[in-house]
Every structure is written in structure tokens, then in C-alpha cells.
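A.B. asks: quick one, what's the 3D model for this:
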Amino acid sequence: MNVNHPSTKKILNTPKSFLRLIKQNQEEIISRWIERLITIPGTHYEKLPPHEISQWTSQGFFSILAALETGSYRKLDKYLSEISFARLKAGFPISEIIEGLLYLNEIILELLNSKGTLSREDLFFSLEQLDQCLREIVSQFGQTYACALQRQHNLEVEKNLAESESLRKITSALLHKLTTNEVLKIVCTEAQRLTGATGSSLSLLDEDGNLQVTFSIGQPSPSITTISGKDSIAGIAMDLGKPIMQNETTNLLHAYHENQDLESLLVIPLQVNETSIGILDIVNKSGGFSKNDIRIMGLFADQSAIAIENARLQQQAEQLAVIEERQRLARELHDSVTQALYSVTLYTDATRLALDANKMDVAKENLDELRNMAREAILDMRLLVFELHPPILEQKGLVSALRARLEAVEVRSGVIADIVVENEKRLPQDIERELYKIAQEAITNTVKHAKAKKIRLKLIYAIDQFSMEIWDNGVGFNPTDSDTRGGFGLRSITERVDQLNGDVAIKSKLGKGTTIKIEIPV
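C.D. replies: Numbers count the residues shown, from 1 in each chain. Here you go, the predicted structure:
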């Protein structure tokens, strides 16, 4: 904001007799001005220390006196600029500032009336100059104060934007399936940025009721990694359910205990449904932490605690899913491979008996069945072994994992497999994991149940959509037949696609193969 300062304007020459009178009584004028200011009821002047009011009034008086002596407002620029920002910071409304300035006019008028040493002409001329000077000061002060107010407003807007952005990042962490470590990093980074601190750390409660320092960022670093959940600042904060601010060193136990570099500490309890899950420590803010830091960190901590708990629950769910998957593979190993091997043993015994009885036709039939069962067992074993070792999915992505699967299982079993990809790119790991399981289920059904000899996969990566088509030349089925359309494999595919908010279309005809098309938003 540009302000046309009245410092370029000139004041008419003030009578020297008036200036002499003002200088002779300057101590009395300043003293009476101070007394008048501190007695104004219900204003900020009542709350200011006397020495600060004395400094402001003295500086203001001599700046005005200089303007009257030199005939220029230039000397007032610095004073008005400083006083505007200082009193705005102290919370003064502009009306109180102007009221305080106008009291000087009254005090000088009272002095002139009591002294009576000026001629009538000089008195009126001097009062006119003083009045003009004060009016120009009020005008300039109003403009400077408006600039200061706008500057403060801009700073508040920037600060509010920073707070909103940090809260948005935490909320975003709730909506995305981030790992616990990723969420902890976001929380510590944003807490440090919001408060202007140099370091931050997160400690989570373990099963024994102790706090374990799980993540830290910046300097200084925590000096201990395990903290008592009771005899510590953290324990007190969790019991109270309120933040604790320490802008001086303390002997109470905390994560930075006896760290010589620690200057200030803000301890924020993290709670979900009024149950403590840990502590957020923020350290070393220049000038110390304030009540405003406690306010914004209180809002921040509520969101952070939910995001952390959500990530931990997600991690637990993934661990349970791994256990369930291993249990499923164990069941399949028993149901398919073990059963097949047992059948191989039976057909082997039956073939031996047929040969002993010279029943060559029976022996030949048994050997054919034995070969088919052995092939089936080998296919099942390859499927199970590949499912137990799919690290390529996380390392190289969905396309590489599907190629490896087709080559390791289907191609080695005599199936002609082809994969076509357009605009390949990596998707989030959790989405790629689900898509791999969908494709795996479809391919397995194709080989084991549809008896297909050809398979083709087509993957298309668009800007906001991913599509996957799986075609085979197997026996097919009638989609309207209730006995075939609801098979376990197809139900599993449909459920997984639904979890990804996608759509699935299945086309099949007896003797003409099957096509499964999946589309999901990305």
C-alpha cells in the first residue's frame, strides 16, 4: 500500500515566543500528558508500564517540537512509523491512539492560558500552527496505522493458510493408506513447521504403559528412547489431557532429558476417544512457545492422533491379511496338492494290480489318469510357490509381476500367454496389490477350470482410469445360469473390484471362452 506522507508539506513559521514557552515547560507538559493518558478509563494505556508510556510521550513531544521548529513533518516519519506498529502489536485501537494525541493539544492550551505571556496575535497564530500540526499527525498516523493493520492482516492470512495446509495434510493422511512411519513423519514435520521450532518427536505407548520414541526430526534429537508413562512430563500431560509448555529447563523426565541443547519444550498428548496413545514433543522455538502454539497444536494433535491410529490399524489389518493368506495357501496345499498326490498313489497301486492281472487296457487308462493328476499337482505347486514368493510386485510393479506369473506357471504348463500394455506407469502399492490378486484369481480360474490353452491380458493406463481385460479360449459358461455365474472365483473378483470403487464386466459363452474387463479410477 502506497501512502502519500504529508512530510513534503510545510508548516507556517511558528512564533519563537511560543516555541520558547513550550521548551521552558516541556517537562511539565510531558508529565501532565502521561498523567492524562493513564487516567483514561477502559483503555490499553492503563495496562502499559509507566516507563513505556513515558518513552512514547517524550518521543512524541520532541518529534512534534522538531516539526514546529523546522517547519517540516519529515522528523515525524520515523516516530509515527514506530508508534503505529508498536501500538498495533500491543492491541491498541486507532481511536485510543488519536484520543491520546489530541490530549497534548488540550494540555498545551491549558498551559498557554495559565501563563498568559504571549500576545493575542501570537497566541492565536501559534494555536493555529499547533492545531494544523496535530491534524496532519493524526492524518498521517491514520494512514500509517492502516498500512500496519494491512501488514498484520497479511501475516495472519499467511499463518492461517499454513495452519490449514498442515491440517489438510493430516486429513489427507486419513484418507490415504499411508504407512505408520509415513504418517509419523508428516505429523512431526508439520508440527515443527507450524510452530517454527527446530525439532520434533513422537512417542507411542507400548503394552507395558511406557512411551517409546518412534520417530524424530530436526535438532536437538531425543536423548532417551523409552520414557515412563507415569513419572515424566509426558505422563503428566497424558493424565491431564492437556499440553504442557516449558520455556525453561526442567528436571522432570522427558525424551530430551539432560540434553544440553534443549531450550524450550511443548508436550502435546495424543488422544483417540479420550484414550491416550502417545505424546508429540516440539522443541526449541526462538523466543519460547506461546499460548497460540498450544491452541493450534491442540487442533493439530486431534487430527494427528486419529491419523496415527488409523495407520496402525491399517498395518494390523495387513498383517492379519498376510496370516489369512498363508492359512489359505496351507488349506489349498492340503486340499489340492496333497489330495492329488494321494490319488497318484492310489492309481499307481491300481496300475500295478492291473499289470499283475495282465489287464493292459485298465493299466493304460490308469496311467493316463496318473499323468493328468501329476500335471495337475505340478500346476498347483507352481501356483502356490509363486504366490509365496511375489516380491517382484513391490519391486517392479504390476506388469512385471503378471509377466513373471504367466512365464512361471501358465507358459511352463503349455498355455500360450500374451500381455499387452499401453502407457505403463506405477500405481499406488495397495492398488497394485489388489489388481494383482484380481488378475491372479482370473488366470487361475482360466487354467484350472476353463481348461484354456490361450490367455491374453490387456492393461491400459489412462490419466484417471486403469482398465484390465483378461481373455481366454476356455470352455466358457452361461452367465445366466445360476449354477455357474456365481462361482467363488468370480465372486472374489467382483468383491475386490468393488473395494477399489471400480466396475467389472464378464462375458462368456459355452465353448467360446470368457472375457473379464475391469475398470477402476486412479
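
A.B. asks: which residue is the nearest non-sequential neighbour of residue 252?
C.D. replies: residue 233 (4.8 Å; CB to CB, 6 or more residues apart in numbering). Quick note: C-beta positions are derived from backbone N, CA and C, even for glycine.

A.B. asks: pretty sure that neighbour is touching residue 256, no?
C.D. replies: No - Residue 233 lies out of contact with residue 256 (CB atoms under 8 Å); the separation is 9.9 Å.

A.B. asks: overlap in contacts, these two.
C.D. replies: Residues within reach of residue 233 and of residue 256 at once, by CB atoms under 8 Å, 6 or more residues apart in numbering, are residue 265.

A.B. asks: what's around the residue nearest to residue 252, how many residues?
C.D. replies: 21 (other CB atoms under 10 Å).

A.B. asks: same thing with the one 3 residues further on?
C.D. replies: The local packing count at residue 236 equals 16, with neighbours defined by other CB under 10 Å.

A.B. asks: residue contacts, it?
C.D. replies: Here residue 236 is in contact with 244, 252 (CB under 8 Å, 6+ apart).

A.B. asks: got the domain ranges for this structure?
C.D. replies: 6-155, 180-314, 395-522 (automatic domain parsing).

A.B. asks: give me the element residue 403 is part of.
C.D. replies: For residue 403, the enclosing helix or strand under DSSP states H and E is helix 398-405.

A.B. asks: now that helix: buried residues?
C.D. replies: Neighbour counts over helix 398-405 (16 or more other CB atoms under 10 Å) mark 398-399, 401-405 as buried.

A.B. asks: how about the helices in the stretch 401-522 of the chain?
C.D. replies: 429-448, 488-499 (DSSP state H, counting those that start in this stretch).

A.B. asks: highest average neighbour count across those helices?
C.D. replies: helix 429-448 (a mean of 20; mean count of other CB atoms under 10 Å).

A.B. asks: what's the angle between it and helix 398-405?
C.D. replies: Counting by axes from the mean of the first three to the mean of the last three CA atoms, to 10 degrees, helix 429-448 lies at 30 degrees to helix 398-405.

A.B. asks: and residue 223, what does it touch?
C.D. replies: With CB under 8 Å, 6+ apart, residue 223 has these contacts: 255-259.

A.B. asks: which of those are buried? Put it as a ChimeraX command.
C.D. replies: Listed next is the ChimeraX selection for buried residues among these, using 16+ other CB under 10 Å:
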select :255,256,257,259
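
A.B. asks: now distance to residue 112 and secondary structure too, for the contacts of residue 223, in CSV please.
C.D. replies: As requested, the contacts of residue 223 are arranged in CSV below (distance: CB to CB, whole Å; DSSP: H, G, I helix; E, B strand; the rest coil):
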residue, distance to residue 112, secondary structure
255, 68, coil
256, 65, coil
257, 68, coil
258, 67, coil
259, 65, coil
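
A.B. asks: which two of the contacts of residue 223 have the greatest separation?
C.D. replies: The distance between the two most remote of the contacts of residue 223 (CB to CB) is 11.0 Å, for 255 and 258.

A.B. asks: in the stretch 51-200 of the chain, what spans have low per-residue confidence?
C.D. replies: 72-77, 81, 84-85, 88-89, 116, 118, 140-142, 144-146, 148-150, 152-178 (pLDDT under 70).

A.B. asks: ok so, going back, so which of the domains of the chain comes closest to residue 347?
C.D. replies: domain 395-522 (19.7 Å).

A.B. asks: ends of that closest one, what's the gap?
C.D. replies: 20 Å (CA to CA, to the nearest Å).

A.B. asks: looking at the chain, which helix or strand is least sure?
C.D. replies: None of the helices or strands of the chain scores lower by mean pLDDT, DSSP states H and E than helix 120-175, at a mean of 66.

A.B. asks: rewinding a little: winner for burial among the domains of the chain?
C.D. replies: domain 180-314 (a mean of 18).

A.B. asks: so how far is it off the chain centroid?
C.D. replies: How far domain 180-314 lies from its chain's middle: 16 Å, per CA atoms, centre = their mean, to the nearest Å.

A.B. asks: any idea of the mean pLDDT for the top strand by length along the chain?
C.D. replies: Using DSSP state E to define each element, the chain has its longest strand at strand 275-285. The average pLDDT within strand 275-285 is 87.

A.B. asks: ditto for stretch 305-322
C.D. replies: 70.

A.B. asks: so where is the stretch 351-500 of the chain shaky, pLDDT-wise?
C.D. replies: Ranges of the stretch 351-500 of the chain meeting pLDDT under 70: 376-391, 481-489.

A.B. asks: that's all I had, so thanks and see you.
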